[in-house]
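Asks: generate coordinates for the sequence data below:
(chains A and B)
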2 protein chains.
Amino acid sequence: MEFSTALEKFKEVTKLSNAYTYAMGILTFDGETAAPKNAVMGRAKVSEIFSEITYKLTVNDEYFEVLDTLSANSEKLDAITAREVELSAQALDQIRHIDMEEFINYRGMLAYSHNAWIEAKRSDDFSIFAPYLEKIIAFHRRVASLVAPDMDPYDYWLDQYEQGLTIKMLEAFFEKVREGLVPLIKRVAEKGDIIRSDFLERSCPIELQRKLSDHLMQVMHIDRDNCAIAESEHPFTLEMNKNDVRITTHYFEDNLASNLYTVIHEGGHALYELNTGDELIDTALAGGTSMSVHEAQSRLYENIIGRSENFISLIFPKIKELFPEQYKDVSEHEFYLAVNRAQPSLIRTDADELTYSMHIMVRYELEKRMLHGDITVDELPAEWNRLYKEYLGIDVPSNSMGILQDVHWSGGLIGYFPSYAIGSAYGAQIVESIKKELDFEDLISNNRIDEITAWLTEKIYKYGRLLKPCDAVKQATGNDFDPKYYIDYLTEKYSEIYGL
Amino acid sequence: MEFSTALEKFKEVTKLSNAYTYAMGILTFDGETAAPKNAVMGRAKVSEIFSEITYKLTVNDEYFEVLDTLSANSEKLDAITAREVELSAQALDQIRHIDMEEFINYRGMLAYSHNAWIEAKRSDDFSIFAPYLEKIIAFHRRVASLVAPDMDPYDYWLDQYEQGLTIKMLEAFFEKVREGLVPLIKRVAEKGDIIRSDFLERSCPIELQRKLSDHLMQVMHIDRDNCAIAESEHPFTLEMNKNDVRITTHYFEDNLASNLYTVIHEGGHALYELNTGDELIDTALAGGTSMSVHEAQSRLYENIIGRSENFISLIFPKIKELFPEQYKDVSEHEFYLAVNRAQPSLIRTDADELTYSMHIMVRYELEKRMLHGDITVDELPAEWNRLYKEYLGIDVPSNSMGILQDVHWSGGLIGYFPSYAIGSAYGAQIVESIKKELDFEDLISNNRIDEITAWLTEKIYKYGRLLKPCDAVKQATGNDFDPKYYIDYLTEKYSEIYGL
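Replies: Numbers count the residues shown, from 1 in each chain, chains lettered A, B, ... in the order given. I've put the predicted structure just below:
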């Protein structure tokens, strides 16, 4: 195939793929936020049809030749196209090993799976979701065995979300985290429940919480013309392009902090997407480079910024204004302590920073065993509950608050959870570098978080997927990844809060 | 081409077309209700790509042969497929005369046009929308000249929305309406402003109005699992399939009636779609048969049911419950009179039943002249204002409340408005037939509107597009369309209300 023909065909396929990805993204967003319940059937049909079309677009001999031709002539390509070709080739390495019908059936099944998970969680009945999870695990094991028969199947899937990540590395990472944090968690626990946080459960009308969300978007300097906010069962961020990002949140009348930190977390994801480079628009590189690097941003904004005393000073006046009765007897410092109160709890998304990694370790353990075939789906709820007792010392009262709490598995994401923990550690290391160049705390106090975002944009965001995930920390900090910053950050913060 | 090959290809194209229609429907709904403002660029690109794909699906020699083969063998087709083929052939009669690039550019332009209209309306600046309207008119004139060079261009477009409708028929219809209603409007006007309606402007929090919307959905027996409600600038109903219908409304704190009657109107559209036959799912026949027949339903529920004294009795307790302070000095009968107060006004969607047709006549006049090339876009605002003075006797204070009030033209709908008036007249004739078989008033009083819907389902809804528009009134009433029922209905109702 001629180089110019290959390039033309590649651009055409990229354009079409992007259009289907866009449509499927909006269909997903609609399904989570607006569609009536029974829309699932129609959506599943369209999802199947579009999956088949996109599959056929790239999984064919002509397109393989396109990629081979371009790969062999990568020196003739500009940097963006070269990276697009590299990523496309990587993606096809998986898809070309899977039978088309199997792939399409799987994608169609996921639409039903998601609905089943919602039903199962609402009615606290794991058996509604179990048959879908079984299919999802089987699919993951099968794909790994087909694509990388010599690899550990869990290593294979970890690598899909974070290139190069392995069980071995995670064991080492979790080992350091355990060494550093378990004694700290223990010392905090010995102090007892000394932080008052009852006021966080006071009833705050949802209509007013929505106004707080609007305020938070302003404080984060998120342009609403480019970023919408909606509501869904499980919050998420969806990026169509840098001019169209959506975040979702959920509201609980008796849990102000849940929405507060959901908006800041998803807002962190949004800021990454909103600040990718203009030159990446309409390419396959427009977007965050990996799950971990994405989670590094969301957790950096949520925790390192959002739970700092300076940030609380910045937003507490608005909270007092919106909820004068509820917060009349609460000081800024008390609010700061409350949102940092460390206590082993049931729900990952509402967990404190200190114990958060323990939640990930439960999921990591179970995912590893699922993919190794060491545990059946029926055994999962009991094992989940046992691990929560072991790692966090708490009893799980229901599957809705246990194994059914997260959306990820129902959407076919297995191997994704570890990136949350890795991401937190990335974030701590990156902030240490920001502090060398900017007056980090001062910027937060003075409502100039956009300058922190600008720093991150220069180092990470603007590169989109041009930047390889493994290079993100290096490029931002000048050093290799090291979890010690994360452990130091938590040790310092919690020692002060608990007066250790 | 073999008959069996043709049939197989036809089914395949229908399936694919439906998938793109579905995706574009969701993209439109998302654009109107949830997307951030700058999403328009990405959406326009995808819209262009999908338009090109759907165009190519049907506009090609092979597909023409498919249709020719099936048309020539229609006796071998089941009734549903035969009608699908007939409608596809009709639709292609237009599209095959248009250059593909022109068609795609036009569709892409419409996405921007819609945004321009929103901006123009918000900033009361017609010049923002004018260049788009100019392109839309030019496209309509051009299409008509290409497809039906011997036809009047406005006749051509009227026929697109209501098969067989012509300027001549509309002039006759409007003539009868004028004869019957203008004297009535005059007599009502002579009575002076005797109906109290100040309380409709009392401030009602939007959060509580949303609860009223939920109640109205219940009263109309609309299953929320199959029908969502959202908010948009201009309300509309979107049907994906009978298990996924969306209606939108808009809220104004000082205008309770606006949302009240928007929900009932759009709810009427929704009931038609929700009750099409199961056997039509996934065919091109699933959906209402024409704009007029659709508007007959929406206006029947909104006006003949929704503004009846029995319906007010049914819902007024909820209004009192939600807004006890605002309605403490208002009786049921006063509320009934207020929502039926006849007064020439500016906004079509908020107009009373009696003067409603006058609003349509303004649009009809202008559309006719636009398509005849008898008026320039620059002249439209002044002419709009002049006609409002002539037909309704009122001064238009701004373009936002005048020519920019409706979404239709910005979406490329020219020739659609007359169906609103025709639809109202259909509805009145159909209700006369219902009354012969059911105790219409009694069903409304007793919260059994679903039985009226069941009657309409048997006569009209379940047939979807199997039923030809011109046969709908005939099938439901056993008689040809006659506007006298509409005039009689309004005469009786308003004579009683105004004591004439």
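Asks: thinking A:Leu238 is in contact with A:Gly25, fair?
Replies: Yes. The criterion here is C-beta atoms under 8 Å, and A:Leu238 meets it with A:Gly25 at 5.7 Å. Every C-beta, even on glycine, is put in place using the N, C-alpha and C of the backbone.
Asks: more neighbours, these two?
Replies: Ranked by neighbour count (other C-beta atoms under 10 Å in any protein chain shown), A:Leu238 and A:Gly25 place A:Leu238 first, with 22 against 18.
Asks: show me where the stretch 101-250 of chain A has its helices.
Replies: A:126-147, A:153-161, A:167-191, A:206-219 (DSSP state H, counting those that start in this stretch).
Asks: ranking the ones you listed by burial, who's on top?
Replies: helix A:153-161 (a mean of 22; mean count of other C-beta atoms under 10 Å in any protein chain shown).
Asks: same question for that one, mean pLDDT?
Replies: Here helix A:153-161 scores 93 as its mean pLDDT.
Asks: and it, what does it pack onto?
Replies: With contacts taken as 3 or more C-beta pairs under 8 Å, 6 or more residues apart in numbering or on different chains; DSSP states H and E, helix A:153-161 sits against helix A:126-147, helix A:167-191, helix A:353-372, helix A:418-437.
Asks: who touches the first one?
Replies: Contacts to helix A:126-147, defined as C-beta atoms under 8 Å, 6 or more residues apart in numbering or on different chains, come from residues A:93-94, A:97-98, A:102, A:106, A:109-110, A:112-113, A:116-117, A:119-121, A:151, A:153, A:156-157, A:370-371, A:373, A:377-378, A:380-381, A:399, A:403-404, A:409-410, A:412, A:414-415.
Asks: so that helix versus helix A:353-372, what angle?
Replies: Helix A:126-147 and helix A:353-372 are oriented at 70 degrees to each other (axes from the mean of the first three to the mean of the last three C-alpha atoms, to 10 degrees).
Asks: gap between helix A:126-147 and the chain center?
Replies: Put simply, helix A:126-147 sits 21 Å off its chain's centre (C-alpha atoms, centre = their mean, to the nearest Å).
Asks: with the third one instead?
Replies: The chain centroid and the centroid of helix A:353-372 are separated by 15 Å, computed with C-alpha atoms, centre = their mean.
Asks: kindly report the same for the last one.
Replies: In terms of C-alpha atoms, centre = their mean, the centre of helix A:418-437 is set 15 Å apart from its chain centre.
Asks: how about the residues of chain A near chain B?
Replies: A:15-16, A:19, A:22-23, A:26-27, A:29-30, A:33-39, A:41-43, A:45-46, A:49-50, A:207, A:224-228, A:230, A:240-241, A:243-246, A:282 (C-beta under 8 Å from any C-beta of the partner chain).
Asks: out of the residues you listed, which are buried?
Replies: A:16, A:19, A:22-23, A:26-27, A:29-30, A:33-39, A:42-43, A:45-46, A:49-50, A:226-228, A:230, A:240-241, A:243-246 (16 or more other C-beta atoms under 10 Å in any protein chain shown).
Asks: which single residue in the stretch 351-500 of chain A comes nearest to chain B?
Replies: A:Gly464 (15.6 Å; C-beta to the nearest C-beta).
Asks: gap between A:Leu346 and chain B?
Replies: For A:Leu346, the distance to chain B equals 30 Å [C-beta to the nearest C-beta, to the nearest Å].
Asks: ok so, going back, rank the helices of the stretch 101-250 of chain A by pLDDT, which is bottom?
Replies: Among these, helix A:167-191 carries the lowest mean pLDDT (a mean of 89).
Asks: and that one with helix A:153-161, angle?
Replies: Using the same axes, to 10 degrees: helix A:167-191 against helix A:153-161 is 90 degrees.
Asks: relative to helix A:418-437, how tilted is helix A:167-191?
Replies: Using the same axes, to 10 degrees: helix A:167-191 against helix A:418-437 is 70 degrees.
Asks: gap between helix A:167-191 and the chain center?
Replies: 22 Å.
Asks: stretch A:352-361 now?
Replies: With C-alpha atoms, centre = their mean as the basis, the mean position of stretch A:352-361 lies at 15 Å from the chain mean.
Asks: what's next to it, contact-wise?
Replies: With C-beta under 8 Å, 6+ apart, stretch A:352-361 has contacts from A:174, A:177, A:181, A:184-185, A:188, A:303, A:307, A:340-345, A:348, A:351, A:387, A:391-392, A:417-418, A:420-421, A:424, A:490, A:493-494.
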